[in-house]
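# Need coordinates for the below:
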Amino acid sequence: MVAAIAGLLVLSQPEFVTGVVRNAKGKGVSGAFVGNSFVLSDKNPKVQIGYGEPPLKTAIDGTFRIDRAALYNRSLVAIRGSQAAIASISTSNKVVLTLLPLKKTAIVFNREAESIRSTSAVLTLRGNVIGYLTPNWGKNTLLLPSGTLGMSVFGDGAQASSRMLDKDILTFRLKATRWSDLVGKEAPEVTPTSAPKGFDWSRLRGKWVVLDFWATWCKPCVKEMPRWFDIYKSMPDQRDQFEILAIHSPDGQSREKIADRLMGLTRDQWNGVEPPFPLIFDTTGRTHRAYGVEAYPTTLLINPEGKLVGRITPEEFRDRLQTSGNR
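This is a model prediction of the structure:
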């Protein structure tokens, strides 16, 4: 960033988090991987910065420095061989990570309904997400860092479930989410607290309607969004047959309130393209509760009769439109 102060041109420096990774004896550890979260498995976990970005390595004395803008919470993690560490970032943007042995934990993932197609889980420490897992159904044996940790489990069509990891073996039994039970039934009304002028839910009857539940802070949502842009703009002959509604998580108040974040995404992630379809906000959470949305992105399709079809991807929706247009 460039700023003019007292007639001089000054280059402002990015804010960094600095720290050290050390062993139990307090000695700095070189070559340790440092990042924002673990990618969990039955072997030594990997570490990533942000969402999918490669980690940093510590210097010979165990020190490191990370651009604060690359991090999404106030915790850092580290790993070296069979030892790992977690620590909070202090208000002075400094952190000390002390390596401890990984521990083995068995976690069983079961589902109550076949409509739950897949599952994912996040490892948490005091509300901060510090690890990710794409488990298999049944028993999964994981190597986890030491500490008082929790796990939240989500599924494609499942209710979220959270537990403290206070036993050597735990079982998560996932129940079908509300939207899964609504498939084939009348879709609940979208009730915005902020929407484009003239928005009227009742006028969407007779069209295919995509409900894209997303958030500006959700990287998978942001990554997927241009695929919906492309459908909206590349099918002008069928624009009267469908609508896409981007429904922000309840923490987003209005388009005006997220304008700065939206501008940054448009510039840095979407090649200068702004969302061409309505942005919907419901700070009450009523719309999200009506559909049982607990994870982002969740993208649902409603047919012209107003019935909920289920989850949909941009590619599946394009195929459905093209098929319906040829009838």
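
# tell me the centre residue of this protein?
Nearest to the mean C-alpha position of the chain, counting by C-alpha atoms, centre = their mean, stands Cys218 at 4.1 Å.

# Touching, that one and Thr298? I think so.
No - Cys218 is beyond contact range of Thr298, at 10.3 Å (criterion: C-beta atoms under 8 Å). To be clear about C-beta, it is placed using only N, CA and C from the backbone, and glycine gets the same treatment.

# circling back to that earlier point, for the residue lying closest to the residue nearest to the centre of the chain once chain neighbours are set aside, give me its contacts.
Among residues not flanking Cys218 along the chain, Tyr296 sits closest, at 4.3 Å (C-beta to C-beta, 6 or more residues apart in numbering). Tyr296 makes contact with 213-215, 218, 220-221, 249, according to C-beta atoms under 8 Å, 6 or more residues apart in numbering.

# Select only the buried ones of those residues in PyMOL?
A single PyMOL command selects the buried members of these (16 or more other C-beta atoms under 10 Å):
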select buried, resi 213+214+215+218+221+249
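
# Among the contacts of Tyr296, name the ones in helices.
In helices, judged by DSSP state H, the following of the contacts of Tyr296 are found: 220-221.

# Switch the contacts of Tyr296 over to TSV; also include pLDDT and distance to Asp61.
Supplementary listing: the contacts of Tyr296 in TSV, determined by pLDDT from 0 to 100; distance: C-beta to C-beta, whole Å:
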residue	pLDDT	distance to Asp61
Phe213	96	46
Trp214	94	43
Ala215	92	39
Cys218	87	37
Pro220	86	37
Cys221	91	39
Ser249	93	42
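
# the domain parsing of this protein - what is it?
Structural domains annotated on the chain: 15-101, 179-325, as defined by automatic domain parsing.

# Which one, of those domains, ends up nearest to Glu114?
domain 179-325 (10.2 Å; C-beta to C-beta).

# Distance-wise, check the residue nearest to the centre of the chain relative to Pro226.
According to C-beta to C-beta, to the nearest Å, Cys218 and Pro226 sit 14 Å apart.

# Same check on Pro196?
With C-beta to C-beta as the criterion, Pro196 and Pro226 are 20 Å apart.

# if you count what's nearby, which of those two comes out ahead?
Comparing Pro196 with Pro226 by other C-beta atoms under 10 Å, the one with more neighbours is Pro226, at 15 against 12.

# Am I right that the more buried one is in contact with Glu274?
No - with contact defined as C-beta under 8 Å, Pro226 does not reach Glu274; the gap is 11.2 Å.

# Next, the residue nearest to Cys218: phi, psi?
With angles defined as degrees, to the nearest 10, Tyr296 sits at phi -120, psi 140.

# Over to Trp228?
Main-chain dihedrals, Trp228, degrees, to the nearest 10: phi -80, psi -40.

# where are the low-confidence patches of the stretch 1-150 of the chain?
1-14 (pLDDT under 70).

# Am I right that Arg227 sits in a strand?
No - Arg227: not assigned to a strand; according to DSSP: H, G, I helix; E, B strand; the rest coil it is helix.

# coming back round to it: distance to Asp156 for the domains of the chain - can I get that in CSV?
Shown next, in CSV, are the domains of the chain (distance: least, C-beta to C-beta, whole Å):
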stretch, distance to Asp156
domain 15-101, 19
domain 179-325, 7
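
# excluding its backbone neighbours, what's nearest Gly28?
That would be Gly62: by C-beta to C-beta, 6+ apart, it lies 2.5 Å from Gly28.

# these two touch, right, that neighbour and Gly26?
No - with contacts counted by C-beta under 8 Å, Gly62 stays clear of Gly26, the gap being 10.0 Å.

# Between these two, which is the more surrounded one?
Taking other C-beta under 10 Å, Gly62 and Gly26 do not tie; Gly62 has more neighbours (23 against 9).

# measure that one to Leu125 for me?
22 Å.

# Helices along this protein, start to end?
178-182, 219-234, 259-268, 286-291, 314-325.

# Can you give me the distance of the residue nearest to Ile247 when sequence neighbours are not counted to Phe109?
Closest residue in space to Ile247, ignoring its immediate chain neighbours: Ile280 at 4.5 Å, by C-beta to C-beta, 6+ apart. Ile280 is 33 Å from Phe109, where distance means C-beta to C-beta.

# one step back: give me the distance between the residue nearest to Gly28 and Thr98.
Taking C-beta to C-beta, one finds Gly62 at 11 Å from Thr98.

# any residues in contact with both of the two?
Common neighbours of Gly62 and Thr98 (C-beta under 8 Å, 6+ apart) are Arg22.

# tally of neighbours for Thr18?
Look at Thr18: counted by other C-beta under 10 Å, it has 13 neighbours.

# which residues does the closest residue to it other than its chain neighbours contact?
With sequence-adjacent residues excluded and distances taken as C-beta to C-beta, 6+ apart, Thr18 is closest to Arg65, at 4.9 Å. Shown in contact with Arg65 (C-beta under 8 Å, 6+ apart): 16-18, 56.

# residue contacts, the residue nearest to Val39 when sequence neighbours are not counted?
The shortest distance from Val39 to any non-neighbouring residue, by C-beta to C-beta, 6+ apart, is to Lys46 (4.3 Å). Neighbouring residues of Lys46 by C-beta under 8 Å, 6+ apart: 33, 38-39, 55, 79.
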